[in-house]
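Enquirer: Got a sequence here, can you model it:
(2 chains)
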Amino acid sequence: DVKVTQSSRYLVKRTGEKVFLECVQDMDHENMFWYRQDPGLGLRLIYFSYDVKMKEKGDIPEGYSVSREKKERFSLILESASTNQTSMYLCASSPQGQGDEQYFGPGTRLTVT
Amino acid sequence: AQTVTQSQPEMSVQEAETVTLSCTYDTSESDYYLFWYKQPPSRQMILVIRQEAYKQQNATENRFSVNFQKAAKSFSLKISDSQLGDAAMYFCAYMRGNDMRFGAGTRLTVKP
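Expert: Numbering: from 1, shown residues only, chains lettered A, B, ... in the order given. Next up is the predicted model:
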């Protein structure tokens, strides 16, 4: 079974803090994704990576950055957390092919106070 | 940009009955993929069913089937013989290349 894990299920941070969310997949997938999930808005893509050290902006990259130094690990960084970044963050991975299923992690619920 | 619309924020169904969740999308492309994902309460999102746009035949997976109407840009999910374990948020998604779009979701309640 494909396993995608995220470093924390729940996280509480203060405004202005630097926040790291980590995601690890164990199936040698090429692609990795970070989404933000908000009620009534569904999932919105923040960044994705199709190879080590490669990244592409999604729909809402402002206020976020990412790092992929190893194939299995994709990190989301909030340089200076703000209250409007309080949300559920989902990581996903997929093989390289067109139309491949994405495999999701359990999510990190981040609260910024 | 492509958009995905799920017009039913909430649906409910009696156990053993059939329910249909609606999804429409907007695209000018002819080659793409459509998905339904399920997110049970406090559990990971998983794939329910996948449809390739160039295939006219509707995808089926056991009790789950889709009604794919390409011209109408409609992609509804039918769940037959609903079970308590089907209770979840259901997301419709569109993919072309690395562009993946999700709808806002439909929360399905299954009544015993």
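
Enquirer: so who does the most centrally placed residue in chain A touch?
Expert: Residue closest to the average C-alpha location in chain A (Cα atoms, centre = their mean): A:Trp34, at 2.8 Å. Counting by Cβ atoms under 8 Å, 6 or more residues apart in numbering or on different chains, A:Trp34 makes contact with A:21, A:23, A:45-48, A:58, A:64, A:66, A:74, A:76, A:89-91. Heads up, the C-betas are built off the backbone N, CA and C, glycines and all.

Enquirer: So, low pLDDT: which residues of chain A?
Expert: Along chain A, the parts satisfying pLDDT under 70 run over A:1-2.

Enquirer: Get me the contact residues on it for chain B.
Expert: Within chain A, the residues that sit near chain B (Cβ under 8 Å from any Cβ of the partner chain) are A:4, A:31, A:33, A:35, A:40-45, A:48, A:50, A:56, A:59, A:90, A:98-99, A:101-102, A:104-107.

Enquirer: From the contacts of A:Trp34, keep the buried residues only.
Expert: A:21, A:23, A:45-48, A:58, A:64, A:66, A:74, A:76, A:89-91 (16 or more other Cβ atoms under 10 Å in any protein chain shown).

Enquirer: and the residue lying closest to B:Ser82 once chain neighbours are set aside, what are its bridge partners?
Expert: In this structure, B:Ser82 finds its nearest non-sequential neighbour in B:Val13, 4.7 Å apart by Cβ to Cβ, 6 or more residues apart in numbering or on different chains. Beta bridges link B:Val13 to B:Val110, judged by DSSP bridges.

Enquirer: wait, doesn't B:Val13 sit right on B:Thr109?
Expert: Yes: assessed by Cβ atoms under 8 Å, B:Val13 is found in contact with B:Thr109 at 7.4 Å.

Enquirer: Can you give the distance of stretch A:87-105 from its chain's centre?
Expert: Its chain's average C-alpha position is 10 Å from that of stretch A:87-105, according to Cα atoms, centre = their mean, to the nearest Å.

Enquirer: so how far is the first residue of that stretch from its last?
Expert: End-to-end distance for stretch A:87-105, by Cα to Cα, to the nearest Å: 15 Å.

Enquirer: Would you mark the buried spots in it?
Expert: A:87, A:89-94, A:99-105.

Enquirer: Then stretch B:98-112?
Expert: The neighbour-count criterion (16+ other Cβ under 10 Å) identifies B:Asp99, B:Met100, B:Arg101, B:Phe102, B:Gly103, B:Ala104, B:Gly105, B:Thr106, B:Arg107, B:Leu108, B:Val110 as the buried residues of stretch B:98-112.

Enquirer: In JSON lines: the residues you listed, plus secondary structure.
Expert: Putting those into JSON lines (DSSP: H, G, I helix; E, B strand; the rest coil) gives the following:
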{"residue": "B:Asp99", "secondary structure": "strand"}
{"residue": "B:Met100", "secondary structure": "strand"}
{"residue": "B:Arg101", "secondary structure": "strand"}
{"residue": "B:Phe102", "secondary structure": "strand"}
{"residue": "B:Gly103", "secondary structure": "coil"}
{"residue": "B:Ala104", "secondary structure": "coil"}
{"residue": "B:Gly105", "secondary structure": "coil"}
{"residue": "B:Thr106", "secondary structure": "strand"}
{"residue": "B:Arg107", "secondary structure": "strand"}
{"residue": "B:Leu108", "secondary structure": "strand"}
{"residue": "B:Val110", "secondary structure": "strand"}
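
Enquirer: Which element, helix or strand, includes the residue nearest to the centre of chain A?
Expert: Per DSSP states H and E, A:Trp34 falls inside strand A:31-38.
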